[in-house]
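> What follows is a predicted protein model with its sequence.
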Amino acid sequence: MSFCKTNDTIKEGDTVIIYFSFNQLQPIKVKRGSNHHTKYGSFKHADLIGKKYGSRIQCTQGTVIVLQGSPEMWTISLPHRTQIIYTPNISVITMQLDLKPGSIVIESGTGSASLSHALIRTIFPTGHLHTFEFHLQRSETARKEFKEHDVSDYVTVYHRDVCSDGFGKEDLADAVFLDLPSPWKAIESAKTAIKREGGRICSFSPCIEQVQKTSLELARLGFVNIFTVESLRRVLSIKKYDLPDFDFNMDWLKYKGNGQENENQNDQIDKNEEKPVPKKIKKNFNESDDSDDEVDGSTDATYTAKPINIQPGHTGFLTFATLLHKDFHKV
Amino acid sequence: MIKEGDYVIFKKTDTMKIFPVKLNKPFMIDRFKTKLDNLVNKPFGYKYEIKDQQLHLVQNTLSDDMNKVAIFDKDNRNLVDKSANQKLSHDEIEKLKQLEDISGTEIIDRLIENSASFSQKTEYSQEKYIKKKKEKYLAVFEILKPTIRTLSEYYILGNHKRKVLNMRMDTLAQILTYSNVAAYRNVVVLESCKGLILASVVERVAGFGNVINLSPNGSHISTKEILDYMNFPPEYTQNLYNFPLERSDKLDEYIEELNKKLAIATDDTFRDKQTKKLELAHKVNEIFKTKKVDCLIIASKFRPSPILEKLIDSMAPNRNFVIYSLIQEPLIECHSFLKRTQKAIHIELSDSWLREYQVLPERTHPKNNMDCCGGYLLTGITVTNE
């Protein structure tokens, strides 16, 4: 199984994603003879082999879904070795670097290889990713993962500090991506690594001070169209829209509010016969928990969407620039 | 390198125009007449000025302001905004513009000469003034290559947003990743964005898979525009199939109908046409009936849920779909259908947010305006209930 292709059935040795819910996913390597324990009980790895991807798997106390490893699923389930880049930024990076099958891309640092997997998926089968990481163990782990995910034909992992030693590449890349603490130190070498006909560069930095230094260095080295954006994706949860009408004829004195105890409820209802007493108002979408969509499938209900309360408000700034043709002399 | 017949984008700060390069044929760009002959065999990305109906390469000055640190040695306490600041009247300026031998730079010099307030401005605002006037009077354009990136900017900047359903760059970028489009995929696209999505899918598949473009009557007219601009190599489009959407749910009947027509065909051209249609129908049928659709993208002007209901069963399990809409409600409808039928998991409704920054020494801040209408996406993964 390869992370950059689509596959139908599960084979031994595949890295699969066990899906419980939005935020609960677990990558496992299928190995005959092993068992996997989940909160819904356990299942045998052997039971997965030969099953279709996207099937429900019966555990001892419930079902889970088994999904194929893909760049997007890997991004939300991978073991973090560093801060990672998430799919909304990956999307913008891929588009702004003009990536497609056949592109040669240089990336530093490899980090947890969240972006790397997505880049490989977009540039394979004719392109190649050169990924640089100065942390020895991280680079080795990434190399091992690429092999396990059957994408190593499309990627070369280097253990190297590009800020001090450069990329050591010349006229090779269509695009360079930098995710470094001091990206401006690697731009000169990145320029050398870009193809003679020019190319694109992107730098990801969480802080604006880094962006300022990077932009200055890009301008100094003759890059053009330097621009910086922030891109976020906001997830909305879908809620049933069911607000009660206020009844002006109710005896609101007798209202038993949410969570309030009304000790003499029965007595009071007996005494007050003229006016109806309001019932406890159901919780509505304003108060209810965000974690899950409230859809019971009934077609006559009215649904609305509301952003989930706490979501990323800042990830990093993306600075892009173009390097024009190296041999074309200005007038 | 630019070749004859290629499309090129002409960009000024807030306008973009697209033209094919034809030899010895003058064009009107804004109010300037020019031939594009000088572009042939030149690389993309450089700036050119229109002079004497020809394009002349200009020194790239784009990044110059990056090296200037703002000096706040003056302030605007004595500046009064009034039209008398400019001694040249509107008519005089118009007359200047009509002069044959005057360049844009000279007009700007005259404007500065006659501006009472220019010398009182700070260096930074003087620069801003000149920059603004340059935009207006100089015929300087950046020549860009049409790519998905530059074209999506072209439709937004060029005020053609409605042509592409307000598709913003980051939303399009997300459609492409969340649908898992890449080489060796069978991708089904239904779009009303002049081919913006179709062209980006064709580029990401690069001839290694199949792309089925569903449209009313199988017409490619509405989606051809951007494919033409992209000027793909032939191997990219050899596996692009334009198929009628209204036939996609009754493929058997359609094939039968075509067979019947073919059996009674006497005319050769008619027979060729029907044979081609039949081949196309068989190809689509093979992918649909064997549930071999890997990626489904819907971004059309039609209500998406009835279309989704018809198309989702052609998808293999564990495959990705993305539906785009400018408003939430049609996607909520799709969401209810998917939840009810349990055909998908990891269904997410989302919107996207994109903010650009001005990055200059001592003057870094978010840009004053932003495009707040990036639309909504419904993404999900198909599952099997077997």
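Here it is on my side, so go on. Residues are numbered from 1 along each chain as shown, chains lettered A, B, ... in the order given.

> ok, now which ones touch residue B:244?
With contact set as C-beta atoms under 8 Å, 6 or more residues apart in numbering or on different chains, residue B:244 has these partners: B:214-218. Just so you know, the C-beta spots here come from the backbone N, C-alpha and C atoms, and that holds for glycine as well.

> which stretches of chain A form strands?
With DSSP state E, the ranges of strands along chain A come out as A:15-21, A:24-29, A:35-38, A:41-44, A:55-59, A:62-68, A:104-108, A:128-133, A:155-159, A:175-178, A:199-205, A:224-240, A:303-307, A:317-323.

> Let's have those in TSV, adding mean neighbour count.
Conversion of the strands of chain A to TSV gives the following (neighbours: other C-beta atoms under 10 Å in any protein chain shown):
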stretch	mean neighbour count
strand A:15-21	19
strand A:24-29	15
strand A:35-38	15
strand A:41-44	14
strand A:55-59	18
strand A:62-68	21
strand A:104-108	25
strand A:128-133	24
strand A:155-159	20
strand A:175-178	27
strand A:199-205	25
strand A:224-240	20
strand A:303-307	17
strand A:317-323	23
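
> Which among the contacts of residue B:244 count as buried?
Listed as buried from the contacts of residue B:244 are B:214-215, B:218; burial here means 16 or more other C-beta atoms under 10 Å in any protein chain shown.

> Okay, now the unreliable bits of the stretch 151-300 of chain A?
Within the stretch 151-300 of chain A, the stretches falling below the threshold (pLDDT under 70) are A:257-273, A:282-300.

> where does residue B:103 fall, phi/psi-wise?
Main-chain dihedrals, residue B:103, degrees, to the nearest 10: phi -90, psi 170.

> Look at it and report its pLDDT.
Confidence per residue is given as pLDDT, and for residue B:103 that number is 71.

> Is chain A within reach of stretch B:212-222?
No - between stretch B:212-222 and chain A, judged by C-beta under 8 Å from any C-beta of the partner chain, nothing touches; the nearest distance is 15.7 Å.

> What is the subsequent helix or strand relative to the strand ranked longest in chain B?
With DSSP E setting the assignment, residue counts place strand B:344-358 as the longest strand in chain B. Of the helices and strands lying after strand B:344-358 in sequence (DSSP states H and E), the nearest is strand B:365-366.

> okay if I get the strands of chain A as CSV plus distance to residue B:104?
CSV is the format used below for these (distance: least, C-beta to C-beta, whole Å):
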stretch, distance to residue B:104
strand A:15-21, 59
strand A:24-29, 59
strand A:35-38, 70
strand A:41-44, 74
strand A:55-59, 67
strand A:62-68, 58
strand A:104-108, 40
strand A:128-133, 45
strand A:155-159, 50
strand A:175-178, 35
strand A:199-205, 31
strand A:224-240, 21
strand A:303-307, 48
strand A:317-323, 25
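
> Going along the chain, name the strands of the stretch 201-350 of chain B.
Per DSSP state E, counting those that start in this stretch, the stretch 201-350 of chain B carries strands over the ranges B:210-215, B:240-244, B:293-299, B:315-325, B:344-358.

> what's the closest of the ones you listed to residue A:113?
Of all the strands of the stretch 201-350 of chain B, it is strand B:315-325 that lies closest to residue A:113, at 20.6 Å by C-beta to C-beta.

> how big is the angle separating the closest one from strand A:55-59?
An angle of 110 degrees separates the directions of strand B:315-325 and strand A:55-59 when computed by axes from the mean of the first three to the mean of the last three C-alpha atoms, to 10 degrees.

> that older thread, just give the strands next to the longest strand of chain B in its sheet, each with its orientation.
Strand partners for strand B:344-358, identified by DSSP bridges, are recorded as strand A:224-240 (antiparallel), strand B:365-366 (antiparallel), strand B:376-382 (antiparallel).

> Contacts for the shortest one, please.
For strand B:365-366, the external contacting residues (C-beta under 8 Å, 6+ apart) are B:355-358.

> for the residue of the stretch 1-150 of chain A found nearest chain B, what are its contacts?
In the stretch 1-150 of chain A, the residue that lies nearest chain B is residue A:54 (2.9 Å; C-beta to the nearest C-beta). When contacts are counted by C-beta under 8 Å, 6+ apart, residue A:54 is found next to A:65-68, B:316-319, B:381-384.

> Kindly reformat those residues as TSV and extend each row with distance to residue A:92.
Rendered in TSV, the data for those read as follows (distance: C-beta to C-beta, whole Å):
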residue	distance to residue A:92
A:65	29
A:66	30
A:67	25
A:68	25
B:316	28
B:317	29
B:318	26
B:319	24
B:381	22
B:382	26
B:383	29
B:384	33
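
> just curious, which of those residues is nearest to residue B:139?
Taking the contacts of residue A:54 together and measuring to residue B:139 by C-beta to C-beta, the closest member is residue B:319, at 50.2 Å.

> State the distance from the closest one to chain A.
Computed as C-beta to the nearest C-beta, to the nearest Å, the residue B:319 to chain A distance reads 7 Å.

> Repeat that for residue B:295.
In this structure, residue B:295 lies at 9 Å from chain A, with C-beta to the nearest C-beta as the measure.
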